[in-house]
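>>> Have a look at this prediction, sequence included:
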Amino acid sequence: MLAEIITIGDEILIGQIVDTNSAWMAKSLNAIGIQVKQITSVSDDADHIMEAIAQAEKRAKIILITGGLGPTKDDITKFTLARYFNMGMRRDQATLDHVTEIFRKYKRPMIDVNIRQADVPDGCEVIQNKNGTAPCMWFDRGEHIIVSMPGVPFEMMYLMDEEILPRLKKSFDLPFIYHKTILTANIGESFLAQEIAGIEDSLPAGIKLAYLPKLGQVRLRLSASGTDEQQLKQEVDYWSKQIVAQIKPFVVAEDDIALEKAVLDIMKARQLTLSTAESCTGGYIAHLITQHAGCSAVYDGGAVTYSYDLKQSVLGVSEETLNQFGAVSEQTVKEMALGAIAHFKTDYSVAVSGIAGPDGGTEDKPVGTVWIAVATKNGVVAKLHTFGNKRIQNIERSATAALTMILNQLNLDAN
């Protein structure tokens, strides 16, 4: 079963906002056996919207639309849908009552534009949006189901989870789709492909292998679909085990999780704690860690120390070390890591100091020079990395390298 997603809004096309809705929707649809054929972003233009729907109907049975349902003049989606389906407009009383209650609750007056939120195409089924004023509209066209939802992410997500996905499962006989993901690090995509070429060539026709590279890491995703869930899982898991056995030194996790989550999971299982000491990454490593629920079981805290003074006063880096070797050096980053262990009293720490760019580099320490150290109560190791001249990429690469170094140390300590 194929679906298409259409996101509406000039703000997406000019880069003012990032379309996160489509990625979330595609993942949710895939989980119930619906494959997304195409994702399209269109402007707030009626002809453009209608053309996108007409093209989508040629390729997919299910079309999910987000955006353009607000109360202002540039929100034209529902009027365009009425025009596309040659329908009139009607005022939905349940929606009007809902909108009225929201404005009464917040003691705000109902003006005409708010009342008109209850106007919908005459032939649609209205699904109440409990988290906002814009109604969700379901069009059952026989061969096609077209759903229009608000673009506000938390409103769309609620409607998808509570209404749309359950309705789609009832409307269609959906296959089972199974994915198995292997997270790898410390090996490039081309070298990874070379290592598992024999296995990849032996995969059955119904199992697809995808390479999903990211800075410093590669995800391998095995995918298959069918009606026999148990047989499908057994077959995919068999081939996953073959791949893992072939590239075991580079495997971080046999799950679709982030690199930092793999670190947290291992450390939590071993009842270990972690702290961070960051300079050029500016707290990015701490951000990656703390976005995961339950991280406090492992992560005790950290420090962002850009200046020499803070490196000395917070982490205990010696003035002599800084003056002789500079902030971006093996000696300094080791002292930062050991200082974090001493100050935060954790089992492990990671420290990063480098030149993120685009300026600040020298002949012997160009932009992209980054030192990373991992310390335990038994000692400290450091490694020099030379990245590029793009600031954001250097920060991301540094974080990935730091997390990978922690994993490497955890593996060494376990043996």
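Yep, that arrived. Quick caveat: nothing in here was measured; it's all calculated off a predicted structure. Residues are numbered from 1 along each chain as shown.

>>> Would you map out the domains in the protein?
Domain assignment of the chain by automatic domain parsing yields the ranges 2-171, 176-253, 259-414.

>>> Distance check, Gly316 against Thr281.
Distance, Gly316 to Thr281, by Cβ to Cβ, to the nearest Å: 20 Å. Heads up, the C-betas are built off the backbone N, CA and C, glycines and all.

>>> ok, the two, which is more surrounded?
A count of neighbours by other Cβ atoms under 10 Å puts Thr281 above the other of Gly316 and Thr281, at 28 against 14.

>>> and that one, which of the three is it?
Following DSSP: H, G, I helix; E, B strand; the rest coil, the label given to Thr281 is coil.

>>> wait, doesn't it sit right on Arg397?
No - the criterion here is Cβ atoms under 8 Å, and Thr281 misses it with Arg397 at 9.8 Å.

>>> okay if I get the domains of the chain as TSV plus mean pLDDT?
Listed next are the domains of the chain as TSV, based on pLDDT from 0 to 100:
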stretch	mean pLDDT
domain 2-171	94
domain 176-253	94
domain 259-414	96
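
>>> so of those domains, which one's packed in deepest?
domain 259-414 (a mean of 19; mean count of other Cβ atoms under 10 Å).

>>> first to last residue in it, what's the distance?
One end of domain 259-414 sits 19 Å from the other (Cα to Cα, to the nearest Å).

>>> How about stretch 363-376?
By Cα to Cα, one end of stretch 363-376 lies 33 Å from the other end.

>>> Next, report how far stretch 64-73 is displaced from the centre of its chain.
Here the centre of mass of C-alpha atoms in stretch 64-73, compared against the chain's by Cα atoms, centre = their mean, to the nearest Å, lies 24 Å away.

>>> again with stretch 344-352
Relative to its parent chain, stretch 344-352 has a centroid offset of 27 Å by Cα atoms, centre = their mean.

>>> who touches that stretch?
Contacts of stretch 344-352 with the rest of the structure, by Cβ atoms under 8 Å, 6 or more residues apart in numbering, involve 267, 272-281, 285, 300-302, 315, 333-334, 336-338, 340-341, 370-377, 398-399, 402-403, 405-406, 409-410.

>>> again, but for stretch 86-100
For stretch 86-100, the external contacting residues (Cβ under 8 Å, 6+ apart) are 78-79, 81-82, 110, 114-115, 117-124, 126, 128-130, 133, 135.

>>> Just the CA atoms of that stretch, as CSV, please.
Output in CSV follows, covering the C-alpha atoms of stretch 86-100 (Å, rounded to 0.1, in the frame of the first residue of the first chain):
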residue,chain,number,x,y,z
ASN,A,86,-16.1,20.4,-6.6
MET,A,87,-17.8,20.8,-3.2
GLY,A,88,-19.5,23.6,-1.4
MET,A,89,-18.6,24.7,2.1
ARG,A,90,-20.6,24.1,5.2
ARG,A,91,-20.2,25.2,8.8
ASP,A,92,-19.6,22.2,11.1
GLN,A,93,-21.4,22.7,14.4
ALA,A,94,-19.2,20.4,16.4
THR,A,95,-16.1,22.3,15.3
LEU,A,96,-17.7,25.6,16.0
ASP,A,97,-18.6,24.5,19.5
HIS,A,98,-15.1,23.3,20.1
VAL,A,99,-13.5,26.5,18.9
THR,A,100,-16.0,28.6,21.0
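
>>> before we move on, back to that, restricted to strands, list the contacts of stretch 344-352.
Judged by DSSP state E, the subset of the contacts of stretch 344-352 located in strands is 274-278, 300-302, 370-376.

>>> So which residues of the stretch 51-200 of the chain form strands?
Shown for the stretch 51-200 of the chain, the strands assigned by DSSP state E, counting those that start in this stretch span residues 62-66, 89-91, 119-121, 125-127, 136-140, 145-149, 176-185.

>>> right, and the ones you listed - which one's nearest Ser28?
Nearest to Ser28 among the strands of the stretch 51-200 of the chain is strand 62-66 (9.9 Å), distances taken as Cβ to Cβ.

>>> and the closest one, what other elements does it pack with?
On a contact count with 3 or more Cβ pairs under 8 Å, 6 or more residues apart in numbering; DSSP states H and E, strand 62-66 meets strand 2-8, helix 21-31, helix 46-59, strand 145-149.

>>> who wins for proximity to Trp239 among those?
Of all those, helix 21-31 comes closest under Cβ to Cβ, at 19.4 Å.

>>> Taking their axis directions, that closest one and strand 176-185 sit at what angle?
Relative orientation of helix 21-31 and strand 176-185, computed by axes from the mean of the first three to the mean of the last three Cα atoms, to 10 degrees: 120 degrees.

>>> The following helix or strand past helix 21-31 pairs with which strands, parallel or anti?
Using DSSP states H and E, the next helix or strand after helix 21-31 towards the C-terminus is strand 35-42. Next to strand 35-42 in the sheet, as set by DSSP bridges, lie strand 2-8 (parallel).

>>> Report the separation between Pro109 and Thr100.
Pro109 is 11 Å from Thr100, by Cβ to Cβ.

>>> whoops, I mixed them up, Ala197
To Thr100, Ala197 is 64 Å away according to Cβ to Cβ.

>>> element containing the residue lying farthest from the centre of the chain?
The centre of the chain is farthest from one residue, Glu320, which by Cα atoms, centre = their mean lies 42.8 Å away. Here Glu320 sits within helix 319-325, counting by DSSP H and E.

>>> Relative to the whole chain's centre, how far out is that helix?
Its chain's average C-alpha position is 40 Å from that of helix 319-325, according to Cα atoms, centre = their mean.

>>> What lies in contact with it?
Everything outside helix 319-325 that qualifies as a contact, by Cβ under 8 Å, 6+ apart, is 308, 311-312, 329, 331-332, 335.
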